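Sharing a sequence plus its predicted fold:
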Amino acid sequence: MVAHYLHVYQRPAQGNTFIRRYPTYNYRHRISAVGGFDSMSCAIAGGDYGESRRLIDEYLGCRVAVYVDNPMEPVWEGFINRLRFATGNEEWSISLDELYNRSTVTYTTTGTTTPANTSEANTTNSQAVYGIKQINVEQGMQANATAPNELRDTNLAVYSWPKATRMPSGGRGDNLLYIECKGFYDTLNWEVYTDASSGGTTATINSILTTGILPGLDNGTTFFNRADFADIENNATSVSRQRTRGQTAWDIIKEFQEMGDAGQYWVAGITPTNPNTGERRFYFKVQRTAIDYTARMADGLLVRDVWGRLVDPWRVRPDAGIRITDQLIAWDGLGDNPTETWIGVVEYDANTLKATWRGLDDTAAEGVFNLRRANPRYGRSFGAGRRVI
Amino acid sequence: MTPVTLAIHKGIPQVPLDTRSFERAARDSLSLVNANGVSLVSWTPTFASIKSNAVYANSALGDGRTPLALPLDNVTQTLTISVSGSSVSGRAYVQRRLQEFARAAHNYWTTNWQIDPVWLEWEQTPGKPQYVLITRIDFAWQGDAFDVNQTQSALMTVTIEHLPYWRGLPPGDNPKKWAYHHNGTPLNFTSSNCSLIATGAHLVSATGLRNWMTWDTANSPYRSESAENFIDIPGTSVRGDSPALLELALEISHPSAAPSYTEVYIWRSSRDLSVTDRNNNQYSVGYNLNGDTAKAGGASSFTVTAAETTMTGKRVWTGDQAIPNTDLWMDKNLLRGRYIIFARMYQSTAGAVGNVRAQVRVIDQGSAATNTYVDGPEVSVQLTTALHYMGVFNIPLAERAEMSPDGNGMFVSSVPTAGVGNIPYNIGIQLQCRNTAGANRDIQFYDLVMMPIDEGACRLQAPSFTASGTYIQYLVDGTGYLARGKNEAVAKLITGNAAVTSGGPLPDDYGGEPVEVRGELPTLLPGVDQRIYIMVNTPAQAVPFTSPDQASSITAWLNIIPQWQGVRDA
C-alpha cells in the first residue's frame, strides 16, 4: 500500500509556496471528463486540538496536491473548499461556498426589455486572499438602479469573508480535520460573463472563448493560465454573442460543450498542472474514443491497461474508453457494444483501492462514443435497414 | 530464556560527549525486569501481522480473492509483572511511574508540545537490543483488593501497543550511530563525529557521483562504469528482516560556483545492471540513454524539419543504431519495471515553447515502430535546458517479466545480433518529435533518464534560491531523527542558499531550509544488493547542461536504521 500524501500550498491568490504535507485518511477523489479534477475529500490529523482548530482558518482556499507513488504528477489537485473539525460535542465548519467578494445585481428597468447589470462592488482585501468570487442576483423589474445597488452592497457586506459555523456533532470527535476540495474548473463559476452586443451579433465559439470569456476573467492567471489556448480545438459554430443574463463563465462553456460540433461530443475543463511548465490551462475538445483501459468481471472490474496489466486505481483518468474483456466476447460489433464504455467520471476510494468509472447522466456522450467507434446500429430500430446482396 | 532487558524509556538518547544540545542529560526509564521491585513474570512476545482491514479484490464471479494491500498493524504486547512489597505506597509508586510513561506516550502522539518519544527496549540476546515506538500503555491490577494473603507481591497486567517494526536504534536517535554499531565500534561514536553532513564514518559513502551513468567503453561487454549517478549498497550493509529506514546527505559541488539546484530526485533499484547468463556472457544495461556516441553526457543535435508535422522518430534505441550509442542491451528483463522517463533537451533555435512537441514511444518485440507500442503524452520542448517529464511506462508492456517460450523461465535475449556492435534487443525506445512552427527547429538532446518508481522514488523540491559558494547540501531523513522519532520523511537544504546560510557560521545555527518531499523516500531492502540513485536539476537554467552540470559532482553520505519484525539477529 502506498501512502497518499496531501501537500498544502499557499492560496493561489497569495502565492505558490509549499506549506506542509500530511498523510491522509479516508481519501476519495472524483475526476470528470467535463471539468477535470472535480472533487476530493480526506481527513488529516492536526498535531492537537488547537492546531486543527487553527488550520480551519489557515487552510481554507489553499491549493492542494495529492501525491502517491509518482513524485512528478499528483493524482489530484485543486483547492480546499471546506474544512470540518469535530471536537466531540460540536463540529466546526468553514467553507468558500458562501464567500463572495464581488457583487452585482441583474435587473430590468421598467419599460425596457433588455436586462442590465449594476456596476461591480468589490472587497479587494478579500480578493487578494481568496481570488475574485462574484455573486450576481437577479432582481427582476426595477424602476431604477437604486434598489439593485442596495442589494449589491448588502450582499457584499454579508458575504465578503468566510464565516465558521458550528453545530452539535452528537458527541463524536476524532481530532481529524476533514477536508473537502474542488478542482480549479470550479473557479470558472466564480465570475459572471457579460457581453452587451446586440442580440443579432454572432461569433464563433472559438472566438468567444479566446477573445471574450477567457481574457475577461479578472482572476487572471491565479488558478490557470487563461491566455494559453493550446488545448482549445476548433469549433466554428456561430452563436449569439449577447450575454446579459448573469451567466457565469462555466455556465456558458457548458452550453457550448453540450452543443458539441459536427456530431461530436465535446469536453471542457481545466488540465492538470503540466509537470514541465507548472501551468494549467483550459481545454475544450472533442471526446476521445480510444480504448485506454480494460477490465474483467471475474476480478471485480479492476482497471487494467490494454495489455492486461493492472493500473494503479489512483491513476485512472476519464475521457477514455474501457472494454470488459470477459463478457460477450463474441460480440460482433452490431449496435451499441455493451462491452465498451466511455468513461465520463472516475471515482477513486483509497480505502478499497477501487476506481469506479461511469458515463455521464447525459447518455448522448455514450451514444456518440459508440457511433464513432464504428459500431453503428443498423437494425430496423435505427437508421437504414441492413442491405442484403 | 529471560530477556536481558525489557524497559520503557522516554526521550532521545544524548550523543556522547555532547555539550551543545538541549537534549536532556539522562532519559527517563522504567525497567520491567528485576529492578526496583518490579520483575517480569510472563510475556509471550507478539509480532506484527496483517491488518484486519487489508484490501482485497473479491468478486462473486471468481474463485478466491486477490490481495491489493497488505499493511501491517500495530502490535499489542501483554505483560504480567510482579510488584514486590505489600504496602499500598509501593504499588502506587509503580502505578504512578507507568502512568507517567502512558501520559507521555499519549501526549507524544496527540499534542505538539510533547516531543520526547516513549519507547520500549527489548534485549533478548545479549548485545542485540531492539527498540520500538510506543503508541499506548494500559495497565491493571490482578487479584482482589480484599485478598489478605497478597502480602508480598502483587501481579499487574501491562498492555503496550507499539508500531509494527522494531528498530536497531531508539526512535529519534542519530542514524549515524548505527554505522558504528555495524562496524563493531559503538563506543567510538561521539559528538565529534556525529555530523550527518560532514565527512566521517557513515555507513556508505560515495564521492564523485555525476548526474548520469555511463559505461567504461574500454571493455565490451561493459564491466565497469566511467560515471555513476548511484550509491552501491551491498546487501551485507543492510541488516534486519524488514526494510531499513534511510537517511541521506548530499553535497553537490562545483569548482567555481554551484548552480542553484532546486530539485533532487532519489530512487532505489535492486535490479542488476549487469547479468551473466549460463554461457558466461555478460550483459549490461543502463538507465541513461544517451543521444550521441560519446556517452559522456554531452549533447547531440538534430533538426525537426518544417515538413515533420507528425511524430517522427529522432532518436531510436534498439541496439542496432549507429547513433545514438549502442552499448546497452535493450532487453525487457534487464529493463523490467515501471519508470518515469525524462528527456534532457531543449530547442536551440529561436522560437517559442511548443514549436516542437516530443513524445517517448516504447516498442515491444523489436525495432519496428509499427509493432506493439505505447506512446507517452505529447510534451512541449522548452527553450532552455530542461528535464522534460515524458510520462510513466511499464516494461515489458504486458507481463511483469518476459518468460521464455522454450520453457527456460526468465531470459535475456541473445539474438538477433544484427546491427552495430551485435547488440541484442527485444525492446525499443524512441524519442519522437513533430514540428508545429512551420519552420525548421534544432533540438539539443542529451539523454533519456529512466527512473524506476516501483521500488520507491521521491523528489525533493526546494524553493527557488540563490546559490552561494561552491557547494550546496541537502539532508533527507526517513529514520525519524529529524522528526523526533516519527516515521516521517523530512528534508532540508542545509548549505548553499545565500538567504539561509546568512543565519550563522554553522548549520547548527540555522538548521536549514525546509524542503518539500514529493512521493515516498525509499527504504532499503535487508540483505539485498541495491543502489540509491540521485539526480539533481535546476529548472529552466539559462546555461545548457554541458557547462554547470558536467562540472558538478555529488558526494553522498548514507546511513540507515535497520528494522526487525521479529527478534534482532545481527
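Arrived safely, thanks for sending.

Could you chop the chain up by domain?
The chain I'm using is chain A. The record assigns chain A these domain ranges, following automatic domain parsing: A:5-95+A:163-182, A:102-159, A:191-286, A:291-372.

think we crossed wires, I meant chain B
Annotated domains of chain B cover B:5-164, B:173-270+B:455-570, B:274-454 [automatic domain parsing].

Bridged to the closest residue to chain A within the stretch 151-300 of chain B, which residues?
When scored by C-beta to the nearest C-beta, the stretch 151-300 of chain B has residue B:265 as its residue closest to chain A, at 7.4 Å. Any C-beta I mention is one placed from the backbone N, CA and C, and that applies to glycine too. Residues in a beta bridge with residue B:265, per DSSP bridges, are residue B:459, residue B:535.

which of the residues in stretch B:70-85 are buried?
Using 16 or more other C-beta atoms under 10 Å in any protein chain shown as the test for burial, stretch B:70-85 gives B:72, B:75, B:77, B:79, B:81-83, B:85.

now swap in stretch A:96-111 and tell me
Buried positions in stretch A:96-111, judged by neighbour count with 16+ other C-beta under 10 Å: A:96, A:99-108.

Does anything pack onto the helix or strand of chain A with the lowest mean pLDDT? Which helices or strands?
Least confident helix or strand of chain A, by mean pLDDT, DSSP states H and E, is helix A:364-372 with a mean of 71. Counting contacts by 3 or more C-beta pairs under 8 Å, 6 or more residues apart in numbering or on different chains; DSSP states H and E, helix A:364-372 is packed against strand A:340-342.

Tell me the helix or strand right after the strand it packs on.
Sequence order places strand A:345-349 as the next helix or strand after strand A:340-342, per DSSP states H and E.

what packs against that following strand?
Strand A:345-349 packs on strand A:25-32, strand A:354-358, going by 3+ C-beta pairs under 8 Å, 6+ apart.

Could you confirm residue B:550 falls within a helix?
Yes. Counting by DSSP: H, G, I helix; E, B strand; the rest coil, one finds residue B:550 located in a helix.

what stretches of chain A score poorly on pLDDT?
By pLDDT under 70, the low-scoring segments of chain A are A:1, A:171-173, A:330-336, A:361-363, A:371-389.

need the contact list for the closest residue to chain B within it.
As assessed by C-beta to the nearest C-beta, chain B sits closest to residue A:71 within chain A, at 3.2 Å. Contacts for residue A:71 (C-beta atoms under 8 Å, 6 or more residues apart in numbering or on different chains) come out as B:265, B:453, B:457-459, B:518-519.

Check residue B:172 too.
Residue B:172 makes contact with B:12-13, B:117, B:480-481, B:483-485 under the criterion C-beta under 8 Å, 6+ apart.

Among those residues, show me the least confident.
Within these, pLDDT reaches its minimum at residue B:13, with 88.

Tabulate the domains of chain A (TSV), appending distance to residue B:490.
Shown next, in TSV, are the domains of chain A (distance: least, C-beta to C-beta, whole Å):
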stretch	distance to residue B:490
domain A:5-95+A:163-182	10
domain A:102-159	29
domain A:191-286	24
domain A:291-372	23
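
what's the longest helix along chain A packed up against?
Of all the segments of type helix in chain A, defined by DSSP state H, the longest one is helix A:146-159. In terms of contacts (3+ C-beta pairs under 8 Å, 6+ apart), helix A:146-159 is packed against strand A:102-109, strand A:121-122, strand A:134-142.

what does chain A have sitting close to chain B?
Residues of chain A lying close to chain B by C-beta under 8 Å from any C-beta of the partner chain are A:1-3, A:5, A:7, A:17-18, A:21, A:47-48, A:50-51, A:67-73, A:175, A:230, A:275-277, A:297-302, A:305, A:307-309, A:315, A:351-353.

My guess is residue B:489 contacts residue B:518. True?
No. Contact criterion C-beta atoms under 8 Å: residue B:489 and residue B:518 do not qualify, at 10.0 Å.

What parts of the stretch 401-550 of chain B come near chain A?
Within reach of chain A by C-beta under 8 Å from any C-beta, the stretch 401-550 of chain B has these residues: B:453-454, B:457-459, B:461, B:463, B:516-520.

Present those residues as TSV; the columns should include neighbour count and pLDDT.
Formatted as TSV, those follow (neighbours: other C-beta atoms under 10 Å in any protein chain shown; pLDDT from 0 to 100):
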residue	neighbour count	pLDDT
B:453	23	91
B:454	15	90
B:457	26	94
B:458	25	96
B:459	23	96
B:461	17	95
B:463	16	89
B:516	21	96
B:517	26	96
B:518	22	96
B:519	25	94
B:520	21	92
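
In a markdown table: the residues you listed, plus secondary structure.
Shown next, in a markdown table, are those (three-state DSSP):
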| residue | secondary structure |
| --- | --- |
| B:453 | coil |
| B:454 | coil |
| B:457 | strand |
| B:458 | strand |
| B:459 | strand |
| B:461 | strand |
| B:463 | coil |
| B:516 | strand |
| B:517 | strand |
| B:518 | strand |
| B:519 | strand |
| B:520 | coil |
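
Show me what the closest residue to residue B:515 other than its chain neighbours is bridged to.
Among residues not flanking residue B:515 along the chain, residue B:491 sits closest, at 4.0 Å (C-beta to C-beta, 6 or more residues apart in numbering or on different chains). Bridge pairing for residue B:491 (DSSP bridges) gives the partners residue B:476, residue B:515.

Residue B:491 and residue B:483 touch, don't they?
No. If you go by C-beta under 8 Å, residue B:491 and residue B:483 don't touch, sitting 11.0 Å apart.

Looks like residue B:476 contacts residue B:488 (just checking).
No. Counting by C-beta under 8 Å, residue B:476 does not reach residue B:488; the two are 11.2 Å apart.

Between these two, which has more neighbouring residues?
The neighbour count for residue B:476 versus residue B:488, taken as other C-beta atoms under 10 Å in any protein chain shown, is higher for residue B:476 (21 against 16).

Return the residues in contact with that one.
B:247-249, B:264, B:266, B:458, B:460, B:489-492, B:515, B:517, B:521.

likewise residue A:230?
Counting by C-beta under 8 Å, 6+ apart, residue A:230 makes contact with A:281, B:354.

helix/strand/coil for it?
Classification of residue A:230 by three-state DSSP places it in coil.

Dihedrals phi and psi, it?
When quoted as degrees, to the nearest 10, the phi and psi of residue A:230 stand at phi -70, psi -20.

Run through the helices of the chain in chain order.
Here I'm looking at chain A. Remark: helices assigned in chain A by DSSP H are A:49-59, A:124-130, A:146-159, A:205-207, A:249-259, A:364-372.

not quite, I wanted chain B
With helices called from DSSP H, chain B shows them at B:88-110, B:176-182, B:498-501, B:507-510, B:548-551.

winner for burial among the ones you listed?
Ranked by mean neighbour count under mean count of other C-beta atoms under 10 Å in any protein chain shown, the helices of chain B are led by helix B:176-182, which reaches a mean of 22.

Touching that helix from outside, list them.
Under the contact criterion C-beta under 8 Å, 6+ apart, helix B:176-182 has outside partners B:15, B:168-169, B:186-189, B:193-196, B:200-203, B:237, B:239, B:247, B:559-562.
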